[in-house]
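Q: Sequence first, predicted coordinates after that:
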Amino acid sequence: MPSWLLPENISDVLPAEAAKIERLRRDCLDLFRSWGYELVIPPLIEHIESLLIGSGRELGGRTAQLVDQSSGRILGVRADMTPQVSRIDAHLLDAQGITRLCYAGSVLHARPSGLFTSREPFQLGAELYGYGGVAADLEIISLMVESLARAGVRALRIDLCHMGIVPALLRALSDSREHLDLEEEAIYALLLTKDRPALAALRERAPVIGHALFELAGLYGPVQPGAHAAQVLARARQLLPDLPDVRGALDTLEHIVSASVWQRHPALELSIDLGDLRGYRYHNGVSFAAYVRARPDAVARGGRYDGVGETFGRARPATGFSIELRDLASLSEASDAPAVILAPADEDPDLEALIARLRADGEIVIRCMADEPSTPAWLACDRSLVRVEGEWRVQPLLRAS
């Protein structure tokens with residue numbers, strides 16, 4: 001095996017892509033800061049129990065493990081930074097009231113999530129702790145949309161769901177005389193795949209809740225941002241049992257859809273899919289995913305995960321989102337080719353002083369070596385330093401045609 005060969009689904013990030021990723025990282029972190037989100041940098045590895053808090057099997061199969069040579073305990077390489085940020089909020093900061101945190105860094109997946117996906121995504125995200133109201137969900141969704149706009153992604157579709165509906169139906173089932181003879185995991189699997197024939201069969205065993213689960217898989221469709229009457233939600237109120245938690249979930253979604261914040265994003269589309277239950281082991285409230293045309297997978301995901309910090313000593317309301325920056329960089333059409341000034345191989349002190357001033361002002365200045373041509377073909381330079389009447393000046397670079 002060649003020594004330069006990398007593991008499967010692991011790749012280097014070359015200069016053009018790296019420049020885009022770094023620009024987006026800086027832009028998004030600056031945006032987060034302007035909204036009051038403070039940066040934290042969790043460690044790459046932790047004890048495995050801490051990394052799997054609240055996520056269960058969802059992250060367990062994706063978390064690479066190793067033995068700590070110091071303690072003999074099992075360590076995990078983070079596959080998601082959200083549990084780490086939850087630990088920081090609950091155990092280290094212990095702040096009262098609302099806490100806003102953000103992060104950016106590489107994570108490692110033991111197995112790729114798709115055929116061509118990287119096992120080393122660069123994850124960026126924001127989390128809001130300490131407030132359980134719908135205003136926090138709206139803030140997080142709005143911040144996610146603004147973050148994607150920084151990459152020039154404006155033609156977005158946001159899919160909304162609420163993870164509280166199915167648990168409410170299952171609790172009602174356990175309180176009734178109806179029986180499904182199915183494990184909870186199997187019910188979620190039928191809803192995730194929208195297996196209508198199998199769901200229809202549930203109505204034979206549980207006419208009320210079985211019918212509600214069957215209808216839930218078909219409750220999806222576009223909604224008008226800012227509208228006060230979403231058709232899919234009106235259908236849901238008619239077809240689902242009038243349970244307090246179901247009613248509360250639909251009210252929350254109605255509030256989000258009708259919010260005035262969408263007026264700032266006229267190209268954005270909204271839709272609701274009450275059967276989109278990805279992340280149900282982790283999320284327990286509003287969940288959302290952002291999609292762009294011609295890409296089957298979401299470019300950003302998030303949602304509410306109240307109480308995840310309980311294991312760290314403090315259960316807190318929590319909501320947040322994350323973006324894979326390498327994916328986001330591939331969507332950005334902006335050119336990150338820098339403007340470069342070419343300086344000759346001359347040791348004139350005046351030239352040295354001018355180069356220092358230009359670099360201090362943020363310009364990129366590249367010095368030619370003594371044995372190089374004055375305008376190397378491989379340099380994307382648009383200006384050069386030339387001596388004019390005994391004075392060094394920046395002038396447009398003239399290339400031979």
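A: Yep, it's here.
Q: name the element the closest residue to residue 113 other than its chain neighbours belongs to?
A: Beyond its immediate neighbours in the sequence, the residue positioned closest to residue 113 (C-beta to C-beta, 6 or more residues apart in numbering) is residue 62, lying 7.4 Å away. To be clear about C-beta, it is placed using only N, CA and C from the backbone, and glycine gets the same treatment. Counting by DSSP states H and E, there is no helix or strand that carries residue 62.
Q: for residue 62, what are its contacts?
A: Shown in contact with residue 62 (C-beta atoms under 8 Å, 6 or more residues apart in numbering): 79, 109-111, 113.
Q: low pLDDT regions in the stretch 201-350 of the chain?
A: 333-337 (pLDDT under 70).
Q: For it, which segments count as strands?
A: 220-223, 269-273, 286-292, 300-304, 318-324, 340-343 (DSSP state E, counting those that start in this stretch).
Q: Check which helices and strands the helix ranked longest in the chain sits against.
A: Longest helix of the chain, by residue count under DSSP state H: helix 15-34. Packing contacts for helix 15-34, counted by 3 or more C-beta pairs under 8 Å, 6 or more residues apart in numbering; DSSP states H and E, involve strand 38-39, strand 99-106, strand 122-129, helix 134-150, helix 325-331.
Q: Out of these, the one nearest residue 385 is which?
A: The closest of the helices and strands packed on helix 15-34 to residue 385 is helix 325-331. By C-beta to C-beta, the value is 32.0 Å.
Q: And for the strand or helix carrying residue 86, what's in contact with it?
A: Using DSSP H and E, residue 86 falls within helix 82-87. Helix 82-87 is contacted from outside by 40, 42-43, 46, 50-55, 59, 78, 101, 103, 125, 127, 129, 305, 308-309, 312, 318, 320, 322, using C-beta under 8 Å, 6+ apart.
Q: Make a PyMOL selection of the buried ones in those.
A: With 16 or more other C-beta atoms under 10 Å as the burial test, the buried ones among these are selected in PyMOL as follows:
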select buried, resi 40+42+46+50+51+52+53+54+55+59+78+101+103+125+127+129+305+308+309+312+318+320+322
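Q: So residue 190: helix, strand or coil?
A: helix (DSSP: H, G, I helix; E, B strand; the rest coil).
Q: so who does it touch?
A: 198-199, 202, 213, 217.
Q: if we go to 10 Å?
A: 182, 196-199, 201-202, 213-214, 217, 275 (C-beta atoms under 10 Å, 6 or more residues apart in numbering).
Q: Mind checking which of those are in helices?
A: Per DSSP H, those map to helices at 196-199, 201-202, 213-214.
Q: And the residues you listed, which two are furthest apart?
A: 197 and 213 (13.0 Å).
Q: Of the two, which one has the most company?
A: residue 213 (25 against 8; other C-beta atoms under 10 Å).
Q: just checking, the more buried one touches residue 275?
A: Yes. Under the criterion of C-beta atoms under 10 Å, residue 213 makes contact with residue 275 at 9.2 Å.
Q: shared neighbours, these two?
A: 165-166, 190-191, 199.
Q: Could I get these in JSON lines, plus columns for distance to residue 359 and pLDDT?
A: Shown next, in JSON lines, are those (distance: C-beta to C-beta, whole Å; pLDDT from 0 to 100):
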{"residue": "165", "distance to residue 359": "58", "pLDDT": "93"}
{"residue": "166", "distance to residue 359": "58", "pLDDT": "92"}
{"residue": "190", "distance to residue 359": "62", "pLDDT": "88"}
{"residue": "191", "distance to residue 359": "58", "pLDDT": "89"}
{"residue": "199", "distance to residue 359": "65", "pLDDT": "87"}
